[in-house]
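Colleague: My questions concern the predicted model and sequence given below.
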Amino acid sequence: MKKVLFHLSALFLLSFFALNLNGQISTPAPSPGAELKQTVGLTDVTIVYSRPSVKGRTIFAADGLVPYGKPWRLGANAATKFSFSKDVKLGGQDMKAGDYAVLAMPGATEWKFMFYPYESGNWGSYVDKDPAATVVAKAQTWDYNVETMLFLINDVTANGADIQFYWAKTMVSLPLVVNTDEQVMASIKQVMAGPSENDYYNAAVYYHDSGKDLKQAMEWIDKATSGNEPRYWQVRRKALIYADAGKKEEAIKAAKQSMELAEKAGNEEYVRMNKKSIEEWSGMKTK
């Protein structure tokens, strides 16, 4: 009987915990998170923030929810995060590619936006630090009330856009300029100059692995390894291609070069592989 009661008690406890685990109530966040992504020219811009609502309160004022002249996390919960995939100019300030925590200091007619290299969402940790960039922008007021805080990226062109902030009856716009022309010209220059060493290497590897024309693979691998600083794995592939083409002397020479480069790089695995190949190919007949 005691055993039965023990098992029943254990079953009751397990059922109780299971109900508690499965019965957790999910409720919506008062200030839901949002993520805005936009490609401007060739630059990806991302803004991650939380969206508080007005709820009948006075937002921006000397005695408002967000007082004038005080640092603010530019949203709710955590610090707002801006990310740029390439270098940009924002509000006339040069900014490197990367992630930034953004604090704002609202004013009646002018706002300051402070950009800090992103470390965490703890907005208070940035207040006493020097920002990487500070952008000043004019604040605009209008009659329409934006209930829930909002970021938009508007007026997008190949060379820029406007990052716009809206909340209550306030709008602030930050002009964004991207280096599209410089990036396109660099790409054109690279492509028109011909394939890179890495392009030749990838093409040679594909031909070799696919059993295609080894003569063509040798031509490409020669170009891939012709620079002043060939990589040991690239020269290793050259040795393998020449070996499969029956070029014994060239294969051994490349294997020795790869082994020397691997020794300098401290890669014992490639040293062993090349030693083994040299021993194997030393008895190979020349075609």
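Modeller: Received it, and whenever you're ready, just let me know what you need. Numbering: from 1, shown residues only.
Colleague: Next, count neighbours for the closest residue to S226 other than its chain neighbours.
Modeller: Computed as C-beta to C-beta, 6 or more residues apart in numbering, the closest residue to S226 that is not its neighbour in sequence is E197, at 7.6 Å. C-beta here means a position set from N, CA and C on the backbone, and glycine is covered the same way. By other C-beta atoms under 10 Å, 17 other residues sit near E197.
Colleague: G227 is in contact with E197, correct?
Modeller: Yes: taking C-beta atoms under 8 Å as the definition, E197 is a contact partner of G227 at 5.7 Å.
Colleague: I'd like the distance from the top strand by length along the chain to the chain centre, please.
Modeller: Using DSSP state E to define each element, the chain has its longest strand at strand 133-154. Computed by C-alpha atoms, centre = their mean, to the nearest Å, the chain-centroid distance of strand 133-154 equals 27 Å.
Colleague: Next, the angle strand 133-154 makes with the following helix or strand past it.
Modeller: Sequence order places strand 160-178 as the next helix or strand after strand 133-154, per DSSP states H and E. Taking axes from the mean of the first three to the mean of the last three C-alpha atoms, to 10 degrees, strand 160-178 and strand 133-154 form an angle of 140 degrees between their directions.
Colleague: then strand 160-178 to CSV, C-alphas only?
Modeller: In CSV, the C-alpha atoms belonging to strand 160-178 read as follows (Å, rounded to 0.1, in the frame of the first residue of the first chain):
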residue,chain,number,x,y,z
GLY,A,160,21.7,57.8,-50.2
ALA,A,161,18.4,58.0,-48.2
ASP,A,162,16.8,59.7,-45.2
ILE,A,163,16.6,57.8,-41.9
GLN,A,164,13.5,59.2,-40.3
PHE,A,165,12.4,59.0,-36.7
TYR,A,166,8.7,59.5,-35.7
TRP,A,167,7.0,59.6,-32.3
ALA,A,168,4.1,61.7,-30.9
LYS,A,169,4.2,64.9,-32.9
THR,A,170,7.9,65.0,-33.5
MET,A,171,9.9,63.9,-36.6
VAL,A,172,13.7,64.0,-37.0
SER,A,173,15.5,63.1,-40.2
LEU,A,174,19.1,62.0,-40.7
PRO,A,175,20.5,62.3,-44.2
LEU,A,176,22.5,59.2,-45.2
VAL,A,177,25.1,59.2,-47.9
VAL,A,178,26.7,55.9,-49.2
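Colleague: Who are the packing partners of whichever helix or strand comes after that strand?
Modeller: Towards the C-terminus, the helix or strand next in line after strand 160-178, according to DSSP H and E, is helix 180-192. Here helix 180-192 is seen to pack against no other helix or strand when contacts are counted using 3 or more C-beta pairs under 8 Å, 6 or more residues apart in numbering; DSSP states H and E.
Colleague: I am finished for the moment; much appreciated.
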